[in-house]
Every structure is written in C-alpha cells, then in structure tokens.
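Asks: structure of the sequence below:
(chains A and B)
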Amino acid sequence: MEIIKTENLTYTYPIGEKPAFSNVSITINKGEFVLLTGPSGCGKTTLCRCFNGLIPHFYNGTLEGKITVAGMDVTEHPIHEFAQHVGLVFQNPENQLFALSVEKDVAFALENLGLPREEIRRRVDWALEVTGITDLKDRAPYELSGGQQQRVAIASVLAMKPDVIVLDEPTSFLDPLSAKKIFDVIGGLNRGLGITIILVEHRLDLAARYADRIIVMDEGKIILDGKPREVFSSEEARLVGVGIPRATRLYQVLKGMGLDLGGVPITSEEASKMVREVLTRRAPSKNPLGRREAGTQVLPAGKAGSKTVIEVEDVYYTYPNGVEALRGVSLRVREGEFVAIMGQNGAGKTTLVKHFNGLLKPTRGRVLIDGVETRGVSVARLARKVGFVFQNPDHQLFCETVEKEVAFALKNFGFDEETTRKRVDWALNILDLTEYRDVSPFMLSGGERKRVALASVLAWDPEVLILDEPTIGQDYRQKERLMNFIMQLNAQGKTVIIVTHDVEFVAECKPRVILMAEGKILADGDPHKVLTDLNLLERASLTPPEASQILEGLKDVGLDGEAIDVYEVSRLIMERFKSASGVENP
Amino acid sequence: MSMFDGFKFRKVSSPIHRLDPRVKFLYVCVTFTVAVLFIQLIPLLLLFLIQLPMILAARVQREWMRSMKGSAFFAALIFVMNALSLYFYGSFDSVFSVIERSLAVTVRFLVLIASFSVFFLTTSPDHLGLALEQSGIPYDVCFAFTTAVRFVPVLAEEAQTIIDAQRARGLELEKGNFMSRVRKYIPILIPLIVSAIRRSLELAEAMESRAWGANPKRTSLYVLKIGRGDYYLLAASILMLAISLYVWFYVPVPSLS
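Replies: Below is the predicted model of the structure:
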C-alpha cells in the first residue's frame, strides 16, 4: 500500500533560479525503509520538506506536479494535518527541541493537537520507552549529549504515532557509537512497529544494513532507485560519488585483483562470511599465516622533522563553571607531523587544541609552541604560527565578499597590501574558490563555505594547521577532496592536526592517532595499532573502521592483522589466497 | 563568577521548588513592596533575615551565596556612593546616621537580589511558562518566553565560539581606542545574528512539523495545582504586607542613632 506518491514533482525556492529538484516520480510503500542519498545540494532535503507540507506551505516557492501523502494532496491540507502522518527529524538536534524537560518536549506535538491529558501521558511514556530514554524524562534537553537529544527528537515525533518518519541526516553531529544507537532505534521502529522510514544519510556503512531500498539523487534528479545491492554495485553510484559501504568496496577491489566473492556484500559481517567461504572452499587452511602487519607497506604520514613545534606538559584545564576538561595531558608534536585527535564529544579534544593557539591557557602545567610558553603570549601572536579552522564556518564568516573574508586575518596580522593580495590569490586558487572572489560567502553552499573558512586561515600560511571536525556534514566527495588536500599540505611539510570522531576518515588518511577520553590521553600512536584495539576504542566511544571489522570476522580462518582500510584488507586476503593456493598447486 | 549565577534554576526537590510560581511571585512582589516602603535599617534587616529560612528550606544556599558574593561589588558601590552624597549634600547631623542610612539602602538592594534569586533558583522556567499560560496569557507569548529562556545559554555559548574563531584569525578585541573597539565587534555580531536567524528558521520548521497551531484549544501535559504550602505562603505574604503597612502608618520606626 502506498503512503507517499509523487508524480513529476518539480520545486523551485522563492529565491532560487533553477529548480531544487525536477520531475521526481516516486512511490513509497507502507513499511518500507528507504535510504535517500546523494551529494550535498542534490535536493534530497528539499524533497523531504514536501513530505509533510513544509513545502509549499512554509517555504512558498513554486511546486509543480502531484504529491499525495497518506491519501491527501499536500497542497490542499495544512502542515499540522500531515504532522500526524509524517514525522520529521532534522539534522541539528539543538534546534528542534524547545522545552526545558525531555518529557515536555515529547508532549509538545500532542499538546498542540489538543489531545486529552491522559492520552498525552500514555503516549509520552510509550514513546520514551520505545526510544529507550525513559530515564532521561526529567532532564533538560540542552544538558544531554547529541545522541540523546536526537533520540528525544525521534520520540517527540513518534508520540504522534505517524505512518512515516523522515530523518534528515540525523547522525551528522554524532560519534560513531551514538550514530549506531540511533540507527538501531530507527531500525526497531521499522521492524517492530511497521513505521515507514525515509532516512537521508551519507554514512552508508552503518545505515545500509537496515534499508530495503536506496534512492540516489544528483542535481535535483533521481538517478538510481533500487535494492541496496544493485545500487551499490552500479557504475552510476560510483560516478556520482555515493559513499558506498566499505564491504561493497572491498568486493569491488578484490574483483579488480581477480578474486570474485560471488555476491555483493553490504555489511562487514556479510563480507567476512563471503571471504571466509571463498578462502576455505578454494584453499583449506593448512598453515595459518599468523598475525601480519599490513601497515608496513603504507607510506608513513608526512615527513616528520626533528623539531618539536608543540609541547604539552602535564596540562590540566578547568572551565570557569567548574568542568574539568583536561586532566594531566602530555604530548609532543613534531614539525611536519599529521595528527588526529580522536574521542567522543566531551572527551576534551577541542579544549586541548584551543591550548595550541592560546585561546585557553592551562590551569596547571604548560604548553610550549616553538619553545615559547603560551602563558603571557597573545592569541594573535600564537595564531600566526598555529592556524585554527573552526568546525562551523558560519561562526566566522561575516564579510561582503569571499576575497575580503580571506584577507581579514592578513589585515589583522599587519601584512602589507601587496603581500595580502598575493596571499589571497594563492589561497583562493588552491581551494578552487577564485570564481567566487566577489561573491558573498553567505550565498555559497555549505561545502563551499567550509572551503572559504579554510582559505581564510591558510592565507597567512601558518606553520601548524588545526581543523576541528572537518568532516561533519560533508558528503563522500567533499571528504575525499578534503583528504587529498590535507595529505598534500602535509606532504609539503605543514604540520596538520585534525580533531575528529570520524573513524573511517582517519583510517583512510592514517595520521598518528591520539585517543582521548574524559580529559586524558588513552593512547597515542600508529593508527593501525590504535584503531584495531577494541578495548581502547570502546573506552573512547568509537567503533573500529569497517575494514578492520571485516578482518575481525575472519580471525577464525587465521586471517588477522592490523589493517584499517579496504586496500590493506584486500591485500591481506589476496596474499593469503595466493599462498594458500600455492600450497595446493606447487 | 557573576551575579547572574545566582539566578540560574537548579533542579532540586524541595518544598519551595514545589510551590506554585504564581504564589512565589506574589511573595517576591510583597517583599519588593515592603523593601521600598521602608528606608530605615532595622525593618530592612528584618526583611533580609526573613528570606533566610526560605533559602535553607529550598537547599539552594550555595548558589544563593554565589549571587550574594557576585553582588558584593555593587552593594559596596551603592554604600560608598550613598555615604558620600549623604555626607556632602544630605542634612544628617552625624556620621553614624549617614552610615546607617547608607547601610539601609545597601540592605534594600540585597533584599531585592536575595528574593529574586530565590525565586529564579527555585522556579523552573517550564513552571514559569505554565504559570503564565494558566494566568490567561496567550500561548504564543508564553512559548516565546520559555524558548527565549531555553536559548540564552545556547546563544551565550555560540557567542563564545564566534569570539574564539575570530581571535584565532588575529582579531584583538582588547586593543585600540573606544571607536575601533566597537568596530571590532562587527565580526562577532554578524555571524551571531546570521546564525540566530538560521536557528530561528530551523526552529520554526521543527515547530510546524510538530503540529504547531493545530488546535486552538491546546492541552498542557502539566497543570499547576495550588497546594497547602501555597496557601501558607500566600497567608504569610498577606500577613507580611499587612504588618508592614500597619507599622508604616502607625508605628514610628526606631533608628539606631
């Protein structure tokens, strides 16, 4: 039975010149779990806004074609009538919770509907129970972690007992473990209660396993629509830059090396199973190879020099409100190193890096930048050496044009006009922004704004570059581009520090990893060691990279090693495959 | 630490927290009136002492002390300014009475801070919103009020992040003369305003998606009920006002000097 049906739907925002999407015809049936994906700006969020009437009622603009939701024509009924059929959960948990207690927030919609108080009470308790947050009911939403907040948001739409729940990148701000919990909750709603789910997501590794169907959009059009396995193995998916799951990628890589798994895996478990079958069928293991270091063939990240640029000695930091964010942190970063500081939100990562340019001064202990203690040195002077790109570009962009934005810091630092002009040209050029020179940064897309923010820091050519959560909200292509850019900078000798909980990104860049939890450093070293240590990762609320999860599932056939990306894993599998076949046919 | 720390609601369970915000507000108003009624030290001191049992009963003494400490500077300022102006321009005959009067004004200030602080420390903004709602104020207004309260800490945090982001780009807020310093706040204000607008749009979207305005007769999950404690406080407030008025009209207030 269909619940959402669109026919040749085309929509243009009031300020838009061209349609956000055009000629979209889809039918979504009751009980389906649909994963909607595609590069940033492809129109997927806009499409979701049509499902409960936000478009056209809230956004105006021109909507052409036909759309019916739960049998009602969207253009003919007000938003609140759809609210009871379609619940929307948005990306930023902070901006969708209004009340001062969780319970009241979950009740919000029911109160608006004017249901009897006893009914509200019953439904609130039920929604809290189903999403597993009953124990949080009296807490204030703003005190909760992002993952908990997002579950409150889900509970608050669930309380309306909708037929469909649409979630627009609900996990972009969350660490991998919290993201997994959210997907589990959503999966449960779909399987257990039969609620239709439309999930917009870039993190396909985690989400793909729940989906019955995947719709890929690009440039306002639907380009693929089908079963996950078909979509992921299609050539188009690769071309548009859909971040296909690592398990599927492994299948493709192995196929390229001449090993066919005979099916397309989507999850790490499936991949492990298929590889195991191929290995044991073709070559029964007589002589397990034992533990191998896959990391040895990988180029060491950067060419770290001997000079120490950042030295942190037993630093403690307590915020004015009494929160102890750092509790005895010591580390040393050498010139030209590439470092990732990882850990869950609240582990002290950002607090730590804010010490590197003097935004924070240690309560106890000391921080030396290029041998100079930060205490008593101004932020402006330290910032010349240590550039810091904040997570959200909107927290720093304010000029009328991109050019002025990039020149802002140079003016502050007192560069002369000639140098400023040259540096701006250079920075715009390497970040591919030259064409936007005279455009207002506010007119650019999210990814472009992020690049402007990066250019505005890179312009003064700091010795050390710090990037705080650079991958949040970025699609697969943008991440790939960012990774290449960082690697290139690092290869040119720049010291790069990223703060992130994006395990896959780190597994692919392979920087030195510093793992933090509760204001302390848990581990510091080679990513192959740190990211494969399950015990450590759990304490830091991270999950191992997909690739090493695949390998973990192959331990019983004697395949074992510290591989963290798909290429390393495929290499191990191939080695094993060849040596084992070699034993059979000398 | 600031004076405002003593106004942030802390979730504690106490008889005072359970009181109806409307009655508590009435009590604060009575305290306010009485404090303004008298200018003599003794009644004001008494009024100040009356606040203490309530603070202890609400178990917010630590936060309350913080707000007292935070206001110490202003209290000292009020005292000195009063003492100086009364000494040079007033018609008091002795230094002692100048000090007494200045102390009285200072205590009056402390009484106001103390009672407001108790009110805000023990009243959850949710309850306050509810009290507004049940007083017949349109729900839109009440919602705007609770949302504002909810987003104050969020915006404060955001402002700090923006300041940090701009300082990391070499902005030096503390340098330069007055005018150039004012201009230096532009890089902070613009992102703050833009982000507030973006946030309000997202909020509106989320509200719409949760059936905002679906039913003109909105239900509320909670209802405030006037309990026994509320009657006690109500009686105490009326009594306090009556006694004060009686004293004010008929009893000459003794002075220390």
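Asks: C-alpha only now, for contacts and for neighbours.
Replies: OK.
Asks: I figured residue B:116 hits residue B:29, correct?
Replies: No: checked against C-alpha atoms under 8 Å, the pair residue B:116 and residue B:29 is beyond contact range at 9.3 Å.
Asks: between the two, who's got more neighbours?
Replies: Neighbour count, other C-alpha atoms under 10 Å in any protein chain shown: between residue B:116 and residue B:29, residue B:116 has more, with 20 against 17.
Asks: the more buried one: what secondary structure?
Replies: Of the three states, residue B:116 takes helix under DSSP: H, G, I helix; E, B strand; the rest coil.
Asks: give me every residue in the stretch 401-550 of chain A lying close to chain B.
Replies: Residues of the stretch 401-550 of chain A lying near chain B by C-alpha under 8 Å from any C-alpha of the partner chain: A:408-409, A:412-413, A:457.
Asks: helix/strand/coil for residue A:514?
Replies: Assigned state for residue A:514: strand (three-state reduction, three-state DSSP).
Asks: wait, what's in contact with residue A:347?
Replies: Counting by C-alpha atoms under 8 Å, 6 or more residues apart in numbering or on different chains, residue A:347 touches A:325, A:516-520, A:540.
Asks: chain B: which of the residues you listed is nearest?
Replies: Set against chain B, the nearest of these by C-alpha to the nearest C-alpha is residue A:325 (15.9 Å).
Asks: please verify my assumption that that closest one contacts residue A:318.
Replies: Yes: under the criterion of C-alpha under 8 Å, residue A:325 is in contact with residue A:318, at a separation of 5.7 Å.
Asks: A strand includes residue A:333, no?
Replies: Yes: membership of residue A:333 in a strand is supported by three-state DSSP.
Asks: buried residues of stretch A:102-122, list them for me.
Replies: Within stretch A:102-122, the residues scored as buried using 16 or more other C-alpha atoms under 10 Å in any protein chain shown are A:102-115, A:117, A:120-121.
Asks: returning to that earlier point: more crowded one of residue A:325 and residue A:318?
Replies: Ranked by neighbour count (other C-alpha under 10 Å), residue A:325 and residue A:318 place residue A:325 first, with 21 against 15.
Asks: what about the helices in the stretch 101-250 of chain B?
Replies: For the stretch 101-250 of chain B, the helices defined by DSSP state H, counting those that start in this stretch cover B:125-134, B:139-167, B:178-183, B:186-209, B:228-250.
Asks: flag the shaky bits of chain A, pLDDT-wise.
Replies: Where chain A drops to pLDDT under 70, the residues are A:282-304, A:581-586.
Asks: do the stretch 1-150 of chain B as well
Replies: Where the stretch 1-150 of chain B drops to pLDDT under 70, the residues are B:1-8, B:10.
Asks: gap between stretch A:262-281 and the chain center?
Replies: Chain-centre distance of stretch A:262-281: 26 Å, with C-alpha atoms, centre = their mean, to the nearest Å.
Asks: list the contacts of that stretch.
Replies: So stretch A:262-281 is contacted by A:205, A:208-209, A:228-229, A:233, A:245-248, A:250-251, A:261, A:285, A:546-547, A:549-551, A:553-554, A:557, A:573, A:577 (C-alpha under 8 Å, 6+ apart).
Asks: okay, residue A:123 and residue A:110: tell me how far apart.
Replies: When C-alpha to C-alpha, to the nearest Å is the yardstick, residue A:123 and residue A:110 sit 9 Å from each other.
Asks: thinking again about what came up before, in helices, which of the contacts of stretch A:262-281 fall?
Replies: If you go by DSSP state H, these have A:205, A:228-229, A:233, A:246-248, A:250-251, A:546-547, A:549-551, A:573, A:577 in helices.
Asks: what's the farthest-apart pair in those?
Replies: A:228 and A:577 (27.9 Å; C-alpha to C-alpha).
Asks: if I look at the residue nearest in space to the middle of chain B, how far off is chain A?
Replies: In chain B, the residue lying closest to the centroid (C-alpha atoms, centre = their mean) is residue B:116, at 4.4 Å. Residue B:116 sits 20 Å away from chain A, going by C-alpha to the nearest C-alpha, to the nearest Å.
Asks: quick check: neighbours shared by residue A:123 and residue A:110?
Replies: In terms of C-alpha under 8 Å, 6+ apart, residue A:123 and residue A:110 are both contacted by the residues A:159-160.
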